[in-house]
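Peer 1: sequence first, then the predicted structure:
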Amino acid sequence: MTREVRTLPALAAGPVEMPFAIASWSEDFARDTTWNEHSHPFHELLWNERGVSTAVVGARVWTITPALGLWMSAGTLHSGSAIAGTRCRAGFIGFDAVSSISPVPVGVEITPLLRLLLARLADARLPAGSRAVTEAMVLDVLAPSPHELLLHMPTSGLLRPIADAVRDDPGDQRTLSDWARELGVSARTITRAFTAETGTSFARWVAAVRAQHAVALLGRGWETDAVAEEVGYRSVSAFGVAFRRVTGLTPGTFRTG
């Protein structure tokens, strides 16, 4: 199946004419799709009704799911992708309708209440008074989540071979010491570089890569035990513990099919 590539413009943040303070968008993707780096004049709340997508800002990669969405402030340059079978949803929020909940992209937990409110706003026939109340409720409950599927990508020549290898095969079992020997540097050098470039340790970075990859597989309907093995865990229980540590949620939250 060929990948579809879409091109969108880079637009500055600012007021634009919109049908509502929060305009709804949704699309089903029959094939893998990617978007070029672009930006919008309005704020975005991104989430999925099913499946998995990603948003990339600089060296940061977020995974978006039915449980974890993403807030993107107006004017933020970002690229993205969605896997086949994903139903993407978004709320486009007018620049002058609300102050940004964060100047940088942040994860947002898509709670049952928030999901119901957003679903109500998708009805274009909703009376104006009811819409205004619902929009106010969305903006009232909308807040950054303590958990997000975020990966900071290292960019140095030292760490890039490690990053590429782990992202290509999240089940890679090489340890920090193994990589130090392979690259001819000390483990301390790699540790310092990971902290400086990603803000976290090598072990936590690998766990984040595995969690993102696991979510994509769960979104495709893989069984949890198969996912655990694919991303390098010897047991489902060990996978579950590591996954919850990264996401704050269980693997079953993300499984479809």
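Peer 2: Right, received. Where do you want to start? Residues are numbered from 1 along each chain as shown.

Peer 1: give the other helices and strands that the longest helix seen in the chain contacts.
Peer 2: Longest helix of the chain, by residue count under DSSP state H: helix 202-219. For helix 202-219, the elements it packs on are strand 60-64, strand 150-152, helix 160-168, helix 176-183, helix 187-198, helix 224-230, helix 236-247, judged by 3 or more Cβ pairs under 8 Å, 6 or more residues apart in numbering; DSSP states H and E. No exception for glycine: its C-beta is placed from N, CA and C like everyone else's.

Peer 1: as TSV, those with mean neighbour count, mean pLDDT and distance to Gly107 would be great.
Peer 2: Listed next are the helices and strands packed on helix 202-219 as TSV, based on neighbours: other Cβ atoms under 10 Å; pLDDT from 0 to 100; distance: least, Cβ to Cβ, whole Å:
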stretch	mean neighbour count	mean pLDDT	distance to Gly107
strand 60-64	23	94	7
strand 150-152	19	92	7
helix 160-168	15	95	20
helix 176-183	14	95	27
helix 187-198	16	95	17
helix 224-230	18	96	21
helix 236-247	18	93	10
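
Peer 1: nearest to Arg131, out of the ones you listed?
Peer 2: Nearest of these to Arg131, taken as Cβ to Cβ: strand 60-64 at 25.0 Å.

Peer 1: note down every partner strand of the closest one and its orientation.
Peer 2: strand 53-57 (antiparallel), strand 150-152 (antiparallel) (DSSP bridges).

Peer 1: alpha carbons of the longest one, as PDB, please.
Peer 2: It stands for strand 53-57. C-alpha atoms of strand 53-57 as PDB (Å, rounded to 0.1, in the frame of the first residue of the first chain):
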ATOM      1  CA  SER A  53      -1.000   9.100  14.800                       C
ATOM      2  CA  THR A  54       2.100  11.200  15.500                       C
ATOM      3  CA  ALA A  55       3.000  14.800  15.700                       C
ATOM      4  CA  VAL A  56       6.600  16.000  15.400                       C
ATOM      5  CA  VAL A  57       7.900  19.400  16.600                       C
END
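
Peer 1: that one versus helix 202-219: what angle between them?
Peer 2: If you take axes from the mean of the first three to the mean of the last three Cα atoms, to 10 degrees, strand 53-57 sits at 140 degrees to helix 202-219.

Peer 1: so what's the gap between strand 53-57 and the chain middle?
Peer 2: Put simply, strand 53-57 sits 6 Å off its chain's centre (Cα atoms, centre = their mean, to the nearest Å).

Peer 1: can you pull the buried residues of the longest helix of the chain?
Peer 2: Under the neighbour-count criterion of 16 or more other Cβ atoms under 10 Å, helix 202-219 has 202, 205-219 buried.

Peer 1: residues contacting the nearest residue to His147 once chain neighbours are set aside?
Peer 2: Residue nearest to His147 in three dimensions, not counting chain neighbours: Gly248, with 3.6 Å by Cβ to Cβ, 6 or more residues apart in numbering. Gly248 sits next to Ser145, Pro146, His147 when contact means Cβ atoms under 8 Å, 6 or more residues apart in numbering.

Peer 1: got a winner among those residues for most neighbours?
Peer 2: Counting neighbours by other Cβ atoms under 10 Å, the top entry in those is Ser145, with 18 neighbours.

Peer 1: I figured that one hits Leu68, correct?
Peer 2: Yes. Here Ser145 reaches Leu68: they are 6.8 Å apart, a contact under Cβ atoms under 8 Å.

Peer 1: residues shared between the contacts of the two?
Peer 2: Gly107, Val108, Glu109.

Peer 1: just to be sure, the second one is in a helix?
Peer 2: In this case it means Val108. No. If the criterion is DSSP: H, G, I helix; E, B strand; the rest coil, then Val108 is strand and not within a helix.

Peer 1: numbering from 31 from now on, please.
Peer 2: All right, first residue 31 from here; so that's Val138.
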